[in-house]
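Build me a model:
(one chain, ligands or ions: 2)
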Amino acid sequence: MARGQLTVFCGPMFAGKSTALLEQAAHARARGLRARLLKPAFDTRRGAGRLTTHDGLSMEAAPVATLPGLGSPEIPHGTGTVLLDEIQFMESPSFDGDVVEGIRALLLAGVDVTAGGLDMDWQGRPFRTTGMLCAMATSVTKLRARCAVCGAPATMTQKTGGDAGRAVELGAGDLYQARCGTHWRPFSCEAAQGDLAA
Ligand SMILES: Nc1ncnc2c1ncn2[C@@H]1O[C@H](COP(=O)(O)OP(=O)(O)O)[C@@H](O)[C@H]1O
Ligand SMILES: Cc1cn([C@H]2C[C@H](O)[C@@H](COP(=O)(O)O)O2)c(=O)[nH]c1=O
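Ligands and ions are numbered 1, 2, ... in the order given. Next up is the predicted model:
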C-alpha cells in the first residue's frame, strides 16, 4: 500500500501558513479527495469550528484536543488528506497524546497530511512539534512574512505587547508583528515598541 505524504508549511506569524492550508484543502477537494481540517480546540479566537486566516478567509475545521485516528468522526474512513493548523500548540498541556506518532499512523495508513505551524516562538526558540514534523516531511516550505518595520522578508515574530513572561499567548496584530532579523528584538516587548515610533 502507498504511504501518505507529509507536507509542512512553517514560518513566523502572518506568513500565509493558514492560507496555504486552505489552498491545499481546496486543491485536494478539486481532485476528488476527501479533505478534513483540524485545529487545536483551545484556540477559539476566530470561531471554534472554523479555520480562519488573518485576512478573514475561512473553512470548516474540527477543534481537537487529541489527534483522532482514521475511522473517527473527524477522520472517517475514505479521508484522503488531513490538514492540521497551529501544530505548535498540539502539545501538552493543552493537547493530549503524541501528535507526531498520530501523524505517523495516518501516513502509514496511506492518508496524506499537511501541517501548518510556527517554527519559532517570539524569543526565537523552536517549537518541538513543528521541528519533528519538518524532519519527517516529504516537503517543507518555510514561508516568510513582511517586516512590519522595513518591509523586508520576515522570518521572525516580534511580541509587542501582552505578557512578556509568557511563551504562549493567543493574539494577532494586537500582540505580535512579523520582523526581519535586523528589526527583531528577542527578549523585550518594550524595546520593540520604539522601532515603529522612529
Ligand atoms: N497585522 C498584520 N500583519 C501582517 N499581516 C497581516 C496582518 N493582518 C492581516 N494580515 C494578512 O495576513 C495574511 C496571512 O494570513 P495567514 O495565512 O492567516 O498567516 P499565518 O497563518 O502564517 O499567520 C497576510 O498575507 C496579510 O495580508
Ligand atoms: C510567536 C508566538 C505566537 N503565539 C500565538 C499567537 C497566535 O495566537 C498563534 C499563532 O497564530 P498564526 O496563525 O501563526 O498567526 O500563536 C504564541 O502563543 N507564542 C509565540 O511565541
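
The closest residue to ligand 2 within the chain: neighbour count?
Residue of the chain nearest ligand 2, by Cβ to the nearest ligand atom: Asp121 (3.2 Å). C-betas here are computed from N, CA, C, even on glycine. Neighbourhood size, Asp121 [other Cβ atoms under 10 Å]: 17.

In contact with Gly162, which residues?
Glu169, Gly171, Asp174, Leu175, Cys189 (Cβ atoms under 8 Å, 6 or more residues apart in numbering).

Can you tell me, leaving aside adjacent residues, what's nearest to the fourth one?
It refers to Leu175. Gly162 (4.3 Å; Cβ to Cβ, 6 or more residues apart in numbering).

Same question for Ser94.
Using Cβ to Cβ, 6+ apart, the closest residue to Ser94 is Phe42 (4.4 Å).

Write out the residues of the chain neighbouring ligand 1.
Met13, Phe14, Ala15, Gly16, Lys17, Ser18, Thr19, Thr53, His54, Asp55, Gly173, Ala178 (Cβ under 6 Å from any ligand atom).

And for the first one, the neighbour number?
It stands for Met13. 22.

for it, phi and psi?
Backbone geometry at Met13, expressed as degrees, to the nearest 10, gives phi -60, psi 150.

if we can go back for a sec, tell me the pLDDT of the residue lying closest to the residue of the chain closest to ligand 2 once chain neighbours are set aside.
Sequence neighbours aside, Ala167 is the residue nearest to Asp121 in space, at 5.3 Å (criterion: Cβ to Cβ, 6+ apart). Ala167 carries a pLDDT value of 89.

Could you count how many residues lie near Ala167?
Applying other Cβ under 10 Å, we find 11 residues neighbouring Ala167.

From ligand 1, how far off is it?
17 Å (Cβ to the nearest ligand atom, to the nearest Å).

just checking, Phe89 touches Pro40?
Yes - counting by Cβ atoms under 8 Å, Pro40 is a contact partner of Phe89 at 4.3 Å.

Give the residues shared as contacts by these two.
Residues within reach of Phe89 and of Pro40 at once, by Cβ under 8 Å, 6+ apart, are Phe95.
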